[in-house]
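> Task: produce atomic coordinates for the following.
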Amino acid sequence: MRHFWYGAAFIAVLAPAMAAADPLIPDGEIPLDGVGGRIDHLAIDLSRQRLLVAELGNNTVDIVDVAKRSRAARLTGLAEPQGVGFASKADRYIVANAGDGTVRFYRADDLSPVGSVSLGDDADNVRIDGKSGDVLIGYGRGGIATIDPATEAKTGVVELPAHPEAFQLDQIGTRIYVNLPDAHRISVIDRPAGRIAANWNTDGMSGNFPMALDEAGARLVVIFRNPPTLVAYDIADGTVQSRVSTCGDADDVFFDAKRARIYVSCGSGGVDVFEAGAREYKHVARVVTASGARTSLFVPELDRLFVAERAGAFGDAAAIRVFRPTP
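Numbers count the residues shown, from 1 in each chain. So this is what the prediction gives:
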C-alpha cells in the first residue's frame with residue numbers, strides 16, 4: 001500500500017467493482033526508485049520481456065524486467081525523453097528526446113549507444129512499421145520523419161501544419177492517421193505520396209492527444225481532453241460512429257481485441273474501460289490509479305495493462321502499476 005489515504009480510497013472504490021468481476025484486476029506494481037517528475041510513453045521488447053519507460057522529468061529511460069518486476073538497467077544522459085520503441089528487425093532501442101530533438105539508438109542486447117539522428121526540435125512519439133522495420137518519429141512544429149534503424153539514417157519526412165501528437169500506422173494499407181491538436185484536426189497521410197490525403201473535423205473539441213487504430217473494425221478512436229470525450233471514426237471517410245464521455249487529461253488509449261474493449265488512461269487518476277460494439281461504445285468501469293498517471297501500455301501478448309505513476313507529493317515513489325484484464 002503506497003500511502004494510507006490513497007490505499008483506503010483505492011480499496012473503497014475498487015472493492016464493489018472487483019466483486020462484480022471488474023474488467024481490470026490489480027496485478028502488482030514495479031517500483032521505479034529514484035525517478036522524479038513526469039513519466040511519458042512506454043514500449044515493449046517482447047523477445048526479452050522488457051518494458052521501456054520514458055522518464056521525461058528524470059532524463060532517463062528505465063529498462064524493466066517484466067517477469068522479475070524490477071529494473072534491469074537504466075539509460076542516462078538523455079534530454080527529456082518522450083517516445084521510446086523497439087525495432088525488432090534491427091534489434092535496436094529508440095529514444096526520442098524533446099529537449100534537444102535527437103533520436104538516439106541503442107543495441108538492445110547490451111544497451112550500448114550506436115548512433116543518433118537530430119530532428120531539430122521536440123522529438124516525440126515513436127512508431128515502428130511492422131512491414132519494413134522503419135522507425136517513424138513525430139517532431140517539431142510539424143513533421144513525421146522516417147528513419148532506417150539499421151543505419152540510423154533519415155530516409156524521408158512528411159511535413160505537417162502543426163506538431164503531431166499520437167499517430168498510428170495502417171499496417172494493412174499505406175496510411176498514417178495523426179492527431180494535430182494545434183491545428184484542430186485529424187489528418188490522414190498517404191505514405192507513398194508523402195502528403196496529407198484528407199483532414200477530419202474535430203467539431204469544436206480540442207486536445208486530441210491519444211489515438212488507437214482498429215483496422216479489423218475499420219475504426220479510429222481519438223480521445224479529446226476538452227471536453228473529455230471518446231470519438232470513434234470510420235476510417236474510410238472520417239464519419240463519426242460514436243461519441244461518449246471519458247476521464248480527463250487522457251494520454252493513451254488501447255484496443256483489447258480479445259475482449260472487444262477499450263482502455264483509456266487519464267491524468268485525472270483513472271483508467272476508463274469501454275465495451276466496443278459494432279458502432280456504439282459502452283462505459284463499463286473506471287479503475288482508480290493516481291493523479292498524473294496518464295500514460296500506459298496494453299500488451300496483448302502478455303495480456304497486461306501497464307500504467308505509469310509518477311512520484312507523488314506525499315512521498316510515494318514512482319511505479320508501474322500492472323493490471324490483468326478479466327475474461
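> CA only for contacts and neighbour counts going forward, please
Fine.
> just for the stretch 151-300 of the chain, where's the confidence low?
Along the stretch 151-300 of the chain, the model assigns pLDDT under 70 to no residue.
> quick one, what contacts D121?
A98, G99, D100, G101, T102, Y139, G140, R141 (Cα atoms under 8 Å, 6 or more residues apart in numbering).
> how about the nearest residue to the last one, chain neighbours excluded?
Going back to what we said before, that points to R141. Nearest residue to R141, sequence neighbours excluded (Cα to Cα, 6 or more residues apart in numbering): H163, at 4.5 Å.
> hang on, that neighbour in a strand?
No: in this structure, H163 is coil, not part of a strand, as judged by DSSP: H, G, I helix; E, B strand; the rest coil.
> since we're on M211, how many residues are nearby?
25 (other Cα atoms under 10 Å).
> beta partners for it?
V222 (DSSP bridges).
> That one touches I223, doesn't it?
Yes: counting by Cα atoms under 8 Å, I223 is a contact partner of M211 at 6.4 Å.
> intersection of neighbour lists for the two?
Common neighbours of M211 and I223 (Cα under 8 Å, 6+ apart) are V253.
> What ranges does the stretch 101-250 of the chain have for its helices?
Assigned helices in the stretch 101-250 of the chain: none (criterion: DSSP state H, counting those that start in this stretch).
> Spatially central residue in this structure, please.
Residue closest to the mean C-alpha point of the chain, counted by Cα atoms, centre = their mean, is D252 at 4.7 Å.
> List the pairing partners of the helix or strand hosting that one within its sheet, with orientation.
Using DSSP states H and E, D252 sits in strand 250-256. Here strand 250-256 is paired, per DSSP bridges, with strand 261-266 (antiparallel).
> who touches the strand it pairs with?
In contact with strand 261-266 (Cα under 8 Å, 6+ apart) are residues 246-256, 271-276, 292-296, 307.
> got the CA coordinates for the helix or strand following it in PDB?
Per DSSP H and E, the first helix or strand lying C-terminal to strand 261-266 is strand 270-276. Taking Å, rounded to 0.1, in the frame of the first residue of the first chain, the C-alpha atoms of strand 270-276 are listed here in PDB:
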ATOM      1  CA  GLY A 270      -8.200   6.600 -13.500                       C
ATOM      2  CA  VAL A 271      -8.400   4.100 -16.400                       C
ATOM      3  CA  ASP A 272     -11.800   4.100 -18.200                       C
ATOM      4  CA  VAL A 273     -12.900   0.800 -19.700                       C
ATOM      5  CA  PHE A 274     -15.400   0.700 -22.600                       C
ATOM      6  CA  GLU A 275     -17.100  -2.200 -24.400                       C
ATOM      7  CA  ALA A 276     -16.700  -1.700 -28.100                       C
END
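> For the helix or strand following strand 270-276, buried residues please.
Sequence order places strand 281-288 as the next helix or strand after strand 270-276, per DSSP H and E. For strand 281-288, the neighbour count (16 or more other Cα atoms under 10 Å) marks Y281, A285, R286, V287, V288 as buried.
> all strands of the stretch 51-200 of the chain, in order?
Ranges of strands within the stretch 51-200 of the chain are 60-65, 70-75, 81-87, 92-97, 102-107, 113-118, 126-128, 135-139, 143-148, 153-159, 167-169, 175-180, 185-190, 195-201, based on DSSP state E, counting those that start in this stretch.
> Save these as CSV, and put in distance to G34 too.
Written out in CSV, the entries for the strands of the stretch 51-200 of the chain read as follows (distance: least, Cα to Cα, whole Å):
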stretch, distance to G34
strand 60-65, 10
strand 70-75, 11
strand 81-87, 16
strand 92-97, 20
strand 102-107, 22
strand 113-118, 23
strand 126-128, 25
strand 135-139, 28
strand 143-148, 32
strand 153-159, 34
strand 167-169, 31
strand 175-180, 33
strand 185-190, 38
strand 195-201, 42
